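K.L.:
sequence first, predicted model second:
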Amino acid sequence: MSTLEQTIQSAIKDVGPVPAVELDGVGKRFGAKMVLDRIHLEIPAGELLAIVGRSGCGKSTLLRLVVGLESADEGFIRIAGVPLRGPNRQARLMFQDAALLPWQTVLDNVALATVRSADRRERAVRALQLVGLEQRANDWPAILSGGQRQRVALARALASKASVLLLDEPLGALDALTRLEMQTLIEELWLREQFTAVLVTHDVEEAAALADRVLVMEEGRIIAEARTDLPRPRNRNSFEFLALREKLLGWVMN
């Protein structure tokens, strides 16, 4: 190895791993309202990060900036070290509304995320297998339940092969039992597929159950952070879990 190569390798080791997502002084305004106020945030590759806070605190806007649907007014966003300029295929956003096309079959809806791939059908089928809906591939979205439609939306995100999955209240409209089932599915897929995930939610218990780290936002700023190394799957009746949930709730309601 040449002296130059050794110097480069040494510099890489000194810097450390590149974050999957990095926000450096990111600000966003809508008119006179400051929605995000100079956010600094690093999300390591493979982390499952949750963001909680009251409605209007800037959570969803942050996700829209990271996926490239909105542009920051100040600061920089980097995905895997590359500055973000417009929509980025390395990040995929999943909304509360599954947004399925009613005139397309389940399989075709999932395959929309793979339009530039030669193996698009195979990727779509595998994604449906991951969420347990391969037998519904030829069905129409209209006959699916709410939970099944969200599974299709999740499969579409997985089929895109994006390294960063952004979840904007994806379970907010589901009933309690289906929501728990979907939480379990998201956790299992994250552990298996090893993508980076950012979950925006109003539910502090959901955040405590799923996340490695939870951020609390208020008026466009990150005001608190909690890390957890509780074993998975998490015992929601344990003292440690209940203490974490109450701490998060206290920060949000303060």
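P.N.:
Nice, thanks for sending it over. Numbering: from 1, shown residues only.
K.L.:
residue ranges with poor pLDDT in the chain?
P.N.:
Where the chain drops to pLDDT under 70, the residues are 1-15, 115-118.
K.L.:
could you redo the last one with a cut-off of 50?
P.N.:
Of all residues in the chain, those with pLDDT under 50 make up the ranges 8, 11-12.
K.L.:
next structured bit after the longest helix seen in it?
P.N.:
In terms of residue count, the longest helix belonging to the chain (DSSP state H) is helix 176-193. On the C-terminal side of helix 176-193, the closest following helix or strand by DSSP states H and E is strand 196-200.
K.L.:
ok and the longest helix of the chain relative to strand 196-200, angle-wise?
P.N.:
Per axes from the mean of the first three to the mean of the last three CA atoms, to 10 degrees, the angle that helix 176-193 makes with strand 196-200 is 160 degrees.
K.L.:
return the set of buried residues in helix 176-193.
P.N.:
Within helix 176-193, the residues scored as buried using 16 or more other CB atoms under 10 Å are 178-179, 181-183, 185-187, 189-190. No exception for glycine: its C-beta is placed from N, CA and C like everyone else's.
K.L.:
again with stretch 80-90
P.N.:
Buried, per 16+ other CB under 10 Å, within stretch 80-90: 80, 84, 88, 90.
K.L.:
measure the residue lying closest to Ala211 once chain neighbours are set aside to Glu206 for me?
P.N.:
Among residues not flanking Ala211 along the chain, Ala50 sits closest, at 3.6 Å (CB to CB, 6 or more residues apart in numbering). Applying CB to CB, to the nearest Å, one obtains 7 Å for the distance of Ala50 from Glu206.
K.L.:
now do the shared contacts for these two.
P.N.:
Taking CB atoms under 8 Å, 6 or more residues apart in numbering as the contact rule, Ala50 and Glu206 both touch Leu199.
K.L.:
higher neighbour count, those two?
P.N.:
Neighbour tally, Ala50 and Glu206, criterion other CB atoms under 10 Å: the higher count belongs to Ala50, 26 against 22.
K.L.:
quick one on the thing from earlier: nearest to Trp251, of the buried residues of helix 176-193?
P.N.:
Gln183 (21.0 Å; CB to CB).
K.L.:
on that earlier part again, surely the residue nearest to Ala211 touches Arg213?
P.N.:
Yes: counting by CB atoms under 8 Å, a contact exists between Ala50 and Arg213, whose distance comes to 7.4 Å.
K.L.:
follow-up on the earlier one: what sits against the residue nearest to Ala211?
P.N.:
Contacts for Ala50 (CB under 8 Å, 6+ apart) come out as 198-201, 206-207, 210-211, 213-215.
K.L.:
which secondary structure element contains it?
P.N.:
According to DSSP H and E, Ala50 maps onto strand 48-53.
K.L.:
could you do Leu174 as well?
P.N.:
Counting by DSSP H and E, Leu174 is held by no secondary-structure element, helix or strand.
K.L.:
point to the residue nearest the middle of the protein.
P.N.:
When the chain is reduced to its mean C-alpha position, the closest residue under CA atoms, centre = their mean turns out to be Leu166, at 2.5 Å.
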